[in-house]
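> Pasted the sequence and its predicted model underneath.
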Amino acid sequence: MFGSLFNKKPKGWLPPEILGLTIGRGITFDKIALKLLPADSLIEHPDSTLMITAQGHCDLGEQSHMHRFYPDDDRFLVQFQGGDGVEDERVDEIMLWYFYDVQYPSGTGEWNQMKEAIRQTSFNLPTEDGLQRFDRAWFDTSSSPEDPMTYWEEVCDTREGGGRRKIFQTAMLFARTLKDGRDEMLLVNMEEADSGEKSIAFMVGFPLERHNFSV
């Protein structure tokens, strides 16, 4: 989904407006589209409108970029993938992510244990109904352990670049098939903020179409 990832970051990047969405704007979801999610999905439905309070960016290389919009409800994340949002405004993919769980490792051993776990061909996510198995979506043709993707994200709290911070992320994407035949995605995102704090986010998501929301 992300393509080839590089650690390069545009100098002086400022949050652009993409499909009308940026910091200080609200995104309203089509309630009907959300209700169509099958009962076995792990995703909670967001309120009809989320206000964007921060925005992140990652240069994926090969003229592709990832833009993340952080709303006032910290259970969710809206993600666009495509052009740089400035000179190239194309959008190839839109995802709505739900933070199913966030953990804060107690030490290096626990951190490295998770990094090894996401290298495997499947990942078992603990849920209220027991372990849910997700198969690796990246490197899905490989039957061997594979190193996760790594990339830098630059996040700002204002359109002028206020609150700028950098987060190094180590991630692997998994998927499972729901009862209606659609795939539900699991992104295990290991985050290392420039403040030194480490966290592991388990993000469950599904793709959105442009007509599924308005700004």
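Nice, I can see it.
> Quick check: which ranges of the protein have low pLDDT?
Counting by pLDDT under 70, the chain shows low-confidence ranges at 1-12, 36.
> can you give me the helices in it?
Under the criterion DSSP state H, the chain carries helices at the ranges 31-35, 108-117.
> contact partners of the shortest one?
Put plainly, it is helix 31-35. By Cβ atoms under 8 Å, 6 or more residues apart in numbering, the residues outside helix 31-35 that reach it are 45-46, 48, 208-209, 212. No exception for glycine: its C-beta is placed from N, CA and C like everyone else's.
> Turn the helices of the chain into a markdown table, columns for mean neighbour count.
Output for those, formatted as a markdown table (neighbours: other Cβ atoms under 10 Å):
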| stretch | mean neighbour count |
| --- | --- |
| helix 31-35 | 12 |
| helix 108-117 | 12 |
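> For residue 44, list the residues it contacts.
75, 98.
> So it versus residue 157, what's the distance?
25 Å (Cβ to Cβ, to the nearest Å).
> residues contacting residue 164?
154-156.
> closest to residue 73 out of the helices of the chain?
With Cβ to Cβ, the closest approach to residue 73 among the helices of the chain belongs to helix 31-35: 13.9 Å.
> ok now the closest one, how far from the chain's centre?
Distance, stretch centre to chain centre, for helix 31-35: 21 Å (Cα atoms, centre = their mean, to the nearest Å).
> quick revisit: using TSV, lay out the helices of the chain together with distance to residue 164.
Converted to TSV, those look like this (distance: least, Cβ to Cβ, whole Å):
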stretch	distance to residue 164
helix 31-35	33
helix 108-117	25
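> Nearest to residue 201 among the ones you listed would be which one?
helix 108-117 (11.1 Å).
> what about residue 143, how many neighbours?
9 (other Cβ atoms under 10 Å).
> So the closest residue to it other than its chain neighbours versus residue 139, what's the distance?
Spatial nearest neighbour of residue 143, chain neighbours left out: residue 121 (6.3 Å); criterion: Cβ to Cβ, 6 or more residues apart in numbering. Separation of residue 121 from residue 139 (Cβ to Cβ): 8 Å.
> Comparing these two, which residue is more hemmed in?
A count of neighbours by other Cβ under 10 Å puts residue 139 above the other of residue 121 and residue 139, at 17 against 14.
> check contacts around that one.
residue 146.
> For this protein, just list every one of the strands.
26-29, 49-61, 64-71, 76-82, 91-103, 122-127, 130-136, 149-156, 165-177, 183-193, 198-207, 213-214 (DSSP state E).
> Switch these over to CSV; also include distance to residue 111 and mean neighbour count.
What follows is those, written out as CSV (distance: least, Cβ to Cβ, whole Å; neighbours: other Cβ atoms under 10 Å):
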stretch, distance to residue 111, mean neighbour count
strand 26-29, 33, 17
strand 49-61, 21, 20
strand 64-71, 22, 21
strand 76-82, 22, 21
strand 91-103, 10, 17
strand 122-127, 16, 15
strand 130-136, 20, 15
strand 149-156, 14, 18
strand 165-177, 10, 19
strand 183-193, 7, 20
strand 198-207, 6, 19
strand 213-214, 35, 18
